[in-house]
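In: Sequence first, predicted model second:
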Amino acid sequence: MAARIGISRETLRVMVNGEREIYWFELEKNALDLKVPVKRLLMEDLEERESRDLIVRHVAYSLPTQHSKPNQQKSKGRLP
């Protein structure tokens, strides 16, 4: 992809990792190469609800599963 859009592989790697700012003309080249609109790359085409659902699913997926604890009977005012 780097060769197709005219930048070095290292520059592309740094851009993808968020270590370098991506200029608008570079974003347009990336979108053209990926055959998607710039709005899709920026996720501006998602509605607020869809964005929230994606975040919820991501958070739910990354949470550790909690094992259920056996039910403990509560004493009714009496000491064991």
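Out: Noted; the coordinates are in hand. Residues are numbered from 1 along each chain as shown.
In: Could I get the full set of helices for this protein?
Out: If DSSP state H is used as the criterion, the helices of the chain fall at 2-5, 9-16, 24-34, 38-41, 48-62.
In: Can you add mean pLDDT and mean neighbour count and give those back as TSV?
Out: In short, each C-beta sits where N, CA and C put it, glycine included. Shown next, in TSV, are those (pLDDT from 0 to 100; neighbours: other C-beta atoms under 10 Å):
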stretch	mean pLDDT	mean neighbour count
helix 2-5	92	12
helix 9-16	92	14
helix 24-34	92	14
helix 38-41	87	13
helix 48-62	68	10
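In: any idea how far Glu19 lies from Glu10?
Out: Glu19 is 10 Å from Glu10, where distance means C-beta to C-beta, to the nearest Å.
In: can you check Leu54 too?
Out: Here Leu54 is placed at a distance of 30 Å from Glu10 (C-beta to C-beta).
In: Ok, Glu21 next?
Out: Glu21 sits 15 Å away from Glu10, taking C-beta to C-beta as the criterion.
In: How about Asn17?
Out: When distances are taken as C-beta to C-beta, Asn17 and Glu10 turn out to be 11 Å apart.
In: got it, and Asp33?
Out: When C-beta to C-beta is applied, the distance between Asp33 and Glu10 equals 17 Å.
In: How about Pro37?
Out: As judged by C-beta to C-beta, Pro37 and Glu10 stand 27 Å apart.
In: and if you look at Ala3?
Out: As it turns out, when the distance is counted by C-beta to C-beta, Ala3 lies 12 Å from Glu10.
In: now swap in Val59 and tell me
Out: 33 Å.
In: give me every residue that touches Leu34.
Out: By C-beta atoms under 8 Å, 6 or more residues apart in numbering, the contact list for Leu34 reads Leu41.
In: And the pLDDT for Ser68?
Out: We note a pLDDT of 48 for Ser68 in this prediction.
In: Tell me if I'm right that Thr11 and Arg20 touch.
Out: Yes. Because the distance of 7.2 Å satisfies C-beta atoms under 8 Å, Thr11 is recorded as touching Arg20.
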